[in-house]
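In: Next comes the sequence, and after it the predicted model I'd like to discuss.
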Amino acid sequence: MGNRFASGKNAISECDRCGQRFKLKVLRTEIIKTKNYNLLVCPPCWDPDHPQLQLGMYPVDDPQALRNPRPDRSYVASGLDTLGYPGQGSRDIQWGWYPVGGASQFDVALTPNYLVGVTSDGTGKVTVS
């Protein structure tokens, strides 16, 4: 008994996407969202099945909340510093950019500035307040 199909080594076919002619062996099967739609496309038209298209197909367990959370008491327990501001707590953050610290002379009470810029020019240390 012979083969059911011809070998197709010299067969010519069209790309299902762009319509150009290619050898049948060159065309590849297009798969979209893990489904074979029986499309044969040329190498320039072929797109691999992107994993981002499969979102929602598989269950994802990514919990965001904690079961028995406890409040952060280190901010209150740290007490106040010498200027009367909360200090050494978990949320005691200093930030700033030029000018260093970002607080001006008018809003010192609102945004206290303890930052000091330190730089070096190779000969010694220079401190800018």
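Out: Cool, the structure landed.
In: From now on I want contacts and neighbour counts done on CA atoms only, so please keep to that.
Out: Will do.
In: quick one, helices of this structure?
Out: 74-77 (DSSP state H).
In: Need the single longest strand in it, by residues.
Out: Criterion DSSP state E: the longest strand present in the chain is strand 35-41.
In: Looking at Leu39 now. What's its pLDDT?
Out: At Leu39, the pLDDT value in this model is 92.
In: Over to Asp92?
Out: For Asp92, the predicted pLDDT is 56.
In: and the longest strand of the chain, which strands flank it?
Out: Sheet pairing of strand 35-41 (DSSP bridges) gives strand 28-32 (antiparallel).
In: in this protein, which helix or strand is least confident?
Out: helix 74-77 (a mean of 57; mean pLDDT, DSSP states H and E).
In: I'd like to know how far Trp46 sits from Arg17.
Out: 9 Å (CA to CA, to the nearest Å).
In: For Asp47, what are phi and psi?
Out: phi -120, psi 130 (degrees, to the nearest 10).
In: separation between the closest residue to it other than its chain neighbours and Pro43?
Out: Nearest residue to Asp47, sequence neighbours excluded (CA to CA, 6 or more residues apart in numbering): Glu30, at 7.2 Å. Between Glu30 and Pro43 the computed distance is 10 Å (CA to CA).
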